[in-house]
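Colleague: got a structure for you, letters missing:
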């Protein structure tokens, strides 16, 4: 999850002219860092074209589609994936409230992946032309975009390392720890949450079979590390998850195949 801390601003400036629904939005911190620093709600209205709600399974945009908008996730979650010529699908990311989708499509003016809602998801459509116009004029927006892109590059590098250097248990442990940190940043419980993605999507994203995902979850539950009921997860032992993620020998059961 990409949730950048905005520069410190006065409470008066932060609250001035900002719509109530924006203050209560999961993407408020992102929008504040990009175009609400002065509390100028008219700027927000010029950038955001409209707000939309997508049901589970509905597509925000498809791979190869011409770009008109980027999307700020207000609530819910989105899965991004790419398809190969032979019909194979690779899940490349899971995105939650406060994230900006479509930034990597600015240069080519077409989306490089498909974005699909994993549950009821609300978004703001951001005019890409208006966004570019503002970014050219405002160095602070350029800086925030650089931070977002830097975080995306770091995440891509971490995923490559994850797929190349870790076994199934380690990948699942790292995945759960990342979710824990994401929920903590949203001021939600870092140890008890619902997974919006399926076991199949988790396996696809991490490069392991769905059956292996289920076996690892079952093993973690048998060992008391987590409690799992369908998509509801409770992390009972963060320390042991960290030990697994870091290849530490205290968790010495035989590794499962990928």
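Modeller: That came through, no problem. In this text the structure is predicted, and so the values were computed from the model without any measurement. Residues are numbered from 1 along each chain as shown.

Colleague: so how far is the helix or strand that contains residue 173 from its chain's centroid?
Modeller: Assigning secondary structure by DSSP states H and E places residue 173 in helix 168-185. Chain-centre distance of helix 168-185: 12 Å, with CA atoms, centre = their mean, to the nearest Å.

Colleague: Residue ranges in this protein under the pLDDT threshold?
Modeller: The model of the chain has pLDDT under 70 over residues 1-24, 26-27, 34-46, 162, 248-258.

Colleague: how far does the top helix by length along the chain sit from the chain's center?
Modeller: In the chain, taking DSSP state H as the definition, the longest helix is helix 139-165. Put simply, helix 139-165 sits 12 Å off its chain's centre (CA atoms, centre = their mean).

Colleague: Please spell out which residues along the helix holding residue 173 are buried.
Modeller: Neighbour counts using 16 or more other CB atoms under 10 Å place 168-180, 182-183, 185 of helix 168-185 among the buried residues. C-beta here means a position set from N, CA and C on the backbone, and glycine is covered the same way.

Colleague: Run through the neighbouring helices and strands of that helix.
Modeller: Other helices and strands packing on helix 168-185, by 3 or more CB pairs under 8 Å, 6 or more residues apart in numbering; DSSP states H and E, are helix 139-165, strand 192-194, helix 199-206, helix 210-222, strand 232-235, helix 238-245.

Colleague: Ok, which of these comes nearest residue 69?
Modeller: helix 139-165 (15.8 Å; CB to CB).

Colleague: Name the residues of the closest one that are buried.
Modeller: Within helix 139-165, the residues scored as buried using 16+ other CB under 10 Å are 141, 144, 145, 148, 152, 159, 162.

Colleague: does the third one really touch residue 104, like I thought?
Modeller: No - taking contacts as CB atoms under 8 Å, residue 145 lies outside contact range of residue 104: 11.1 Å.

Colleague: burial measure for the closest residue in space to residue 48 that isn't next to it in sequence, as a count.
Modeller: Counting by CB to CB, 6 or more residues apart in numbering, the nearest residue to residue 48 once its immediate chain neighbours are dropped is residue 124, at 4.7 Å. By other CB atoms under 10 Å, 22 other residues sit near residue 124.
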